[in-house]
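Okay, predicted coordinates and the sequence, questions at the end:
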Amino acid sequence: MFKIFASGLRLFTMSTIQKPEVLFVLGGPGAGKGTLCWQITEKYGYVHLSAGDLLREERAKPGSEYGELIENHIKNGTIVPVAITCSLLDRAMQMSDNPHKRFLIDGFPRNEDNINGWNEAMSDKCIVKGVLYCECSKEECTKRCLKRGESGSGRSDDNEEVLIKRHETYVTKTIPIIEHFEKQGLMFKVNSMQSKEKTFEDAKEILAKIGW
């Protein structure tokens, strides 16, 4: 399992030192990934790329060949094919003129296929620094998502029925990914059930630890 990703760790060689750096940001739906990424970009000027936002933007484009497919996956709480997500992330990174060349990728990778697809498409293009993992209980995540939906988020997946499926997908598909990164020594956990201010303070210590 994850054999392709293990080979992807060659990203850390000296020959790729000038390439853009990526920090994946993972956590359950509603764990506070977006808020934490916003705080980091405000403080440090890095680029926040939300896999979910990129997919929703693509879905909304008139005539998009992937629009209907993306919508069906979002409504069902399932994972969009990795080739589509990697293509959108790659395009967003290439279009960025940010001088730091540091990207927070929020909500990706979400399963083993995502890791393998990333390594195939992106391993020669950037350096993966690790995963910033937002730890938050299922109950708190659900409460936040429902509140977000009530406030008019416009997201078709901010409802109780889809959240059940999203949590099931997260437990069965994403938790093993988190455990894998931890075994590789690339997992950095932050308690996102705290206030957003305290969560950010803890995250800043993590960024300093990884040289960001």
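Structure's in. What do you need? Numbers count the residues shown, from 1 in each chain.

For residue 39, pull up the helix or strand it's in.
Under the criterion of DSSP states H and E, residue 39 resides in helix 33-44.

quick one: contacts of that helix?
Helix 33-44 has contacts (Cβ atoms under 8 Å, 6 or more residues apart in numbering) with 25-27, 46-48, 50, 100, 102, 104, 106-107, 132, 134, 190, 192, 196, 199-200, 203-204, 207, 212. Every C-beta, even on glycine, is put in place using the N, C-alpha and C of the backbone.

Please narrow those to those residing in helices.
Applying DSSP state H to the contacts of helix 33-44, the entries found in helices are 196, 199, 200, 203, 204, 207.

Just the buried residues from the residues you listed, in PyMOL please.
In PyMOL syntax, the buried subset of those is picked out as below (16 or more other Cβ atoms under 10 Å):
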select buried, resi 199+200+203+204+207
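
what is the orientation angle of the strand ranked longest in the chain with helix 33-44?
For the chain, the longest strand by residue count, based on DSSP state E, is strand 127-135. Strand 127-135 and helix 33-44 are oriented at 130 degrees to each other (axes from the mean of the first three to the mean of the last three Cα atoms, to 10 degrees).

elements contacting the next helix or strand after strand 127-135?
Later in the chain than strand 127-135, the nearest helix or strand by DSSP H and E is helix 138-150. Secondary-structure packing of helix 138-150 (3 or more Cβ pairs under 8 Å, 6 or more residues apart in numbering; DSSP states H and E): helix 160-169.

list the buried ones in the helix it packs on?
Buried positions in helix 160-169, judged by neighbour count with 16+ other Cβ under 10 Å: 162, 163, 166, 167, 169.
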